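S.K.: Based on what follows, work out the 3D shape:
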Amino acid sequence: MVFQPFFEFAVPRSAPRLRVASTGLPYAFAFLGLLSLTPGPATAEIIEIGTDRDAFTPSTLTVPAGSVLTEGSYVYIDNRGLPPTNSYPELLTRIPVADWLEVRFGLNYCDNGGGYLVTNAEGGPGRNDGTISYESTVLYGVKAAVTQQDGLLPQSCFIMEGFTPLYGDYSSTIPIATYALGWKTEANWRIDGAIRYVYAEAPSGWFDKWAPSIVLRIPATERWEVHVEYFSTFTVGLPDEETVPFVSPGTHYMLTDNLEIGLRIGWGMTRDAAAFFSDAGFGWRW
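M.R.: Residues are numbered from 1 along each chain as shown. As a prediction, this is how the structure comes out:
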């Protein structure tokens, strides 16, 4: 069974991929640039719930006591020379157990995984023979606040997770550690960065995967935020090492004080990276 996405951002297969990148990137950056030039709500209270799915770089915020945050996404990845990847629902539920600590549980299904590479979900490396693999995983872990912003001292957090396959080509649990930090300005701009480490499995054995990222988040209104992000994944320990960088604009809108919808898109910058991806999702605090 091949899942067809309910919306399609990718151009037809016959269109040159380099033209997609060369025409799409300037428009995306021009759009974000125009928004950034508009006066932001410097003194207004920005409504945010701190979803981790909003960008590849996770939020430095933890879920406040007395609430639960549920997130989900549908991700479409246009792989170069291989079948596309569909990943959903990328469901994640975050439950606070202290002011500084939350526990996390989730599940996901993916066809033609390829290691995912563009989201916080993780899976097998996929296949390179043109056939499609199917897999489902469960996620469990914790997220802890490490520091609060104080002058040059950033707000930061540490995330430790495990992804265990329920079905697929691989059966081993994949451990992932992420450290994220960032600063918020008086104008409510936020710049966050992160480093993610994955101990992953491939047909040739286990290897290391590192993923640095940085994102600039700009409020357009009290409820509407845009961002632009750079992230990359590179491997250590594979017979053929890979470097997979992406540039990605995105946005989210708060429908209510507790319900967020968002969209991010991105383009791969090397032949190892997918040509294009789209990620549409939600966050619900209850």
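
S.K.: any low-confidence regions in this structure?
M.R.: Residue ranges of the chain with pLDDT under 70: 1-44, 113-116, 130.

S.K.: could you pull out the strands for it?
M.R.: 69-78, 85-98, 101-111, 134-147, 155-167, 174-184, 190-202, 205-219, 224-236, 243-256, 259-268, 276-285 (DSSP state E).

S.K.: What pairs with the second one, parallel or antiparallel?
M.R.: For strand 85-98, the pairing partners within the sheet under DSSP bridges are strand 69-78 (antiparallel), strand 101-111 (antiparallel).

S.K.: how many degrees apart are it and strand 276-285 in direction?
M.R.: Interaxial angle, strand 85-98 versus strand 276-285 (axes from the mean of the first three to the mean of the last three CA atoms, to 10 degrees): 30 degrees.

S.K.: Check the third one too.
M.R.: Compare the direction of strand 101-111 with that of strand 276-285 by the same axes, to 10 degrees and you get 140 degrees.

S.K.: what do you get for the fifth one?
M.R.: Inter-element angle recorded for strand 155-167 and strand 276-285: 110 degrees (by the same axes, to 10 degrees).

S.K.: How far does strand 155-167 sit from its chain's centre?
M.R.: For strand 155-167, the separation from the chain centroid amounts to 13 Å (computed by CA atoms, centre = their mean, to the nearest Å).

S.K.: Name all residues that make contact with I176.
M.R.: For I176, the contact set (CB atoms under 8 Å, 6 or more residues apart in numbering) comprises 122, 141, 159-163, 196-199. C-beta coordinates here come from the backbone N, C-alpha and C atoms, glycine included.

S.K.: Check G162 too.
M.R.: G162 neighbours (CB under 8 Å, 6+ apart): 139-141, 173-176.

S.K.: and if you look at S133?
M.R.: Here S133 is in contact with 111-113, 124, 126-127, 168-169 (criterion: CB under 8 Å, 6+ apart).

S.K.: of all these, which comes closest to I261?
M.R.: D111 (24.2 Å; CB to CB).

S.K.: pretty sure the closest one is in contact with S136, am I right?
M.R.: No - the pair D111 and S136 does not pass the contact test of CB atoms under 8 Å, sitting 10.1 Å apart.

S.K.: and the two? which has more neighbours close in?
M.R.: More neighbours surround D111 than the other of D111 and S136, with 18 against 13 (other CB atoms under 10 Å).

S.K.: which non-adjacent residue is nearest R223?
M.R.: Of all residues not flanking R223 in the chain, M254 sits nearest, at 4.1 Å (CB to CB, 6 or more residues apart in numbering).

S.K.: Could you give the bridge partners of that neighbour?
M.R.: Applying DSSP bridges, one finds that M254 bridges with E260.

S.K.: wait, isn't it in contact with I46?
M.R.: No - checked against CB under 8 Å, the pair M254 and I46 is beyond contact range at 9.2 Å.

S.K.: returning to what we had before: make CSV from the contacts of S133 and add distance to T233 to it.
M.R.: Shown next, in CSV, are these (distance: CB to CB, whole Å):
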residue, distance to T233
D111, 20
N112, 17
G113, 14
G124, 15
G126, 14
R127, 18
G168, 20
D169, 20
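
S.K.: Neighbour-wise, which one of those leads?
M.R.: Going by other CB under 10 Å, G113 tops the contacts of S133 with 28 neighbours.

S.K.: coming back round to it: out of the contacts of I176, which are buried?
M.R.: Buried by 16 or more other CB atoms under 10 Å: 122, 141, 159, 161, 163, 196, 198, out of the contacts of I176.

S.K.: Dump the residues you listed to TSV, plus distance to D279.
M.R.: Formatted as TSV, the buried ones among the contacts of I176 follow (distance: CB to CB, whole Å):
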residue	distance to D279
E122	15
G141	20
I159	19
E161	18
F163	18
R196	16
V198	19
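
S.K.: ok so, going back, mind putting the contacts of G162 in a markdown table, distance to E242 included?
M.R.: Listed next are these as a markdown table, based on distance: CB to CB, whole Å:
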| residue | distance to E242 |
| --- | --- |
| L139 | 23 |
| Y140 | 27 |
| G141 | 25 |
| T173 | 22 |
| I174 | 17 |
| P175 | 20 |
| I176 | 17 |
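
S.K.: and the end-to-end length of stretch 110-122?
M.R.: Terminal residues of stretch 110-122 are spaced 10 Å apart (CA to CA, to the nearest Å).

S.K.: circling back to that earlier point, would you list the contacts of I176 in CSV and tack on distance to A65?
M.R.: Listed next are the contacts of I176 as CSV, based on distance: CB to CB, whole Å:
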residue, distance to A65
E122, 28
G141, 19
I159, 19
M160, 20
E161, 21
G162, 25
F163, 27
R196, 27
Y197, 29
V198, 30
Y199, 32
